[in-house]
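Colleague: Okay, sequence plus prediction incoming.
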Amino acid sequence: MASPASSSRSAAARVLQRQTGARAFSTSAQTCAEPSSSSTSSPSRGRKPRPQRANVLPPYPEWVSGQGKAYESAPVGRGPFWIGSTPFPLNPTFNPPPPLSQAVRDQMWSLHSQNPSANSVRVLSGRFGVQMERVTAVLRLKALEHEFVKKGKPLQTPFQKQMERLLGSAQDARSIMKEADTAPSSKGANFRGPIREEVPMSAQSEDTPSSIAPALAKEATERKERMRTIPTGGPATKGPAPSKAVVETVDQSRRTRPSLSVTDLSSRPSSYQGAGTATPASQGKRFHFMNAIVFLIILRSCLKQMAGPWRQ
């Protein structure tokens, strides 16, 4: 049997062991809950450290009165610019014009309703610098708007005003002319298309020589000579000669367009006379002659067959 002293020592050892295990467990749990900076930044685990935000956004009232003040209203003619300098930053070549304001649309409708013939779609398109398809759509929507007003249907006028403020609607025709702007150049890409050249009406004059008129006149002369030498298939017996029937009324010194030649061949029955053509009268005579020959051949064969028994 163990003595009381040894039993007390073993009991004390067991208590000490329990306390040591509890202390070790709490230490390991704390280590797992709060990993050290060396373990998170260690490259041996294959994980990248989470990037820390450098600047923390201020509260919303402070941001609106400070940095967000610039985004309260869009610049006129630019449209949304919160995520880039263009409405579609991922496609900078697509730079659509800003939407038309209500004032511009009202002006279009007023001019067109007063005099539709003088202020047609084409005239309004040139006056405001808007495509004709867009002008047509504006006039149709304005007519529908007036119809809604007559029927007493409510219009979303407040929503329209706020959207015009946010999108930077164009207020005059000069800002609408953005439709004619060329697309911005992009690195590593070549956008091919027709070359657009604007020439003012004041620069054009009747005395200004054309750059292509001499080449066109030379080509017309050469073509006329080639057509004159082409055989027509038969002799021309009636009517004036083609060289005498050409009418030329354009002054050669002021010619800006290709020459116009008019040849009168109404007095001639056909330029291809004698080239194998046949009139209906001659065709009828030929048909009767062929029928007579066929009839004679059949009659001869019948007479031969009938004369056979008589010879026997």
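Modeller: Received, thanks. Residues are numbered from 1 along each chain as shown.
Colleague: Please make it C-alpha for all contacts and neighbour counts, starting now.
Modeller: Fine.
Colleague: for the chain, which spans come out with low pLDDT?
Modeller: 1-46, 49-55, 74-83, 170-210, 229-288, 308-312 (pLDDT under 70).
Colleague: Report the residue ranges of every domain in it.
Modeller: What automatic domain parsing lists as the domains of the chain is 68-98, 100-156.
Colleague: would you turn these into CSV with mean neighbour count?
Modeller: Formatted as CSV, the domains of the chain follow (neighbours: other CA atoms under 10 Å):
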stretch, mean neighbour count
domain 68-98, 15
domain 100-156, 15
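Colleague: Phi first, then psi, for L100.
Modeller: phi -70, psi 140 (degrees, to the nearest 10).
Colleague: For it, list each beta-bridge partner.
Modeller: With DSSP bridges as the criterion, L100 is bridged to A170.
Colleague: hang on, L155 in a strand?
Modeller: No: assignment of L155 by DSSP: H, G, I helix; E, B strand; the rest coil gives coil, placing it outside any strand.
Colleague: Now tabulate the domains of the chain in JSON lines and tack on distance to L296.
Modeller: Below are the domains of the chain laid out as JSON lines (distance: least, CA to CA, whole Å):
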{"stretch": "domain 68-98", "distance to L296": "87"}
{"stretch": "domain 100-156", "distance to L296": "78"}
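Colleague: If you tally nearby residues, what's the number for L167?
Modeller: By other CA atoms under 10 Å, the residues close to L167 number 23.
Colleague: From what I see, it and S101 are in contact.
Modeller: No: using CA atoms under 8 Å, L167 is not in contact with S101, being 10.0 Å away.
Colleague: Distance of K161 relative to A103?
Modeller: 11 Å (CA to CA, to the nearest Å).
Colleague: Please identify every residue contacting each of the two.
Modeller: Residues touching both K161 and A103 (CA atoms under 8 Å, 6 or more residues apart in numbering): none.
Colleague: follow-up on the earlier one: find the residues that touch each one of L167 and S101.
Modeller: Counting by CA under 8 Å, 6+ apart, nothing touches both L167 and S101.
Colleague: Tell me which of the domains of the chain sits nearest to L303.
Modeller: Among those, the nearest to L303 by CA to CA is domain 100-156 (85.9 Å).
Colleague: From the opening residue of the closest one to its closing one, how far?
Modeller: This stretch, domain 100-156, spans 16 Å end to end (CA to CA).
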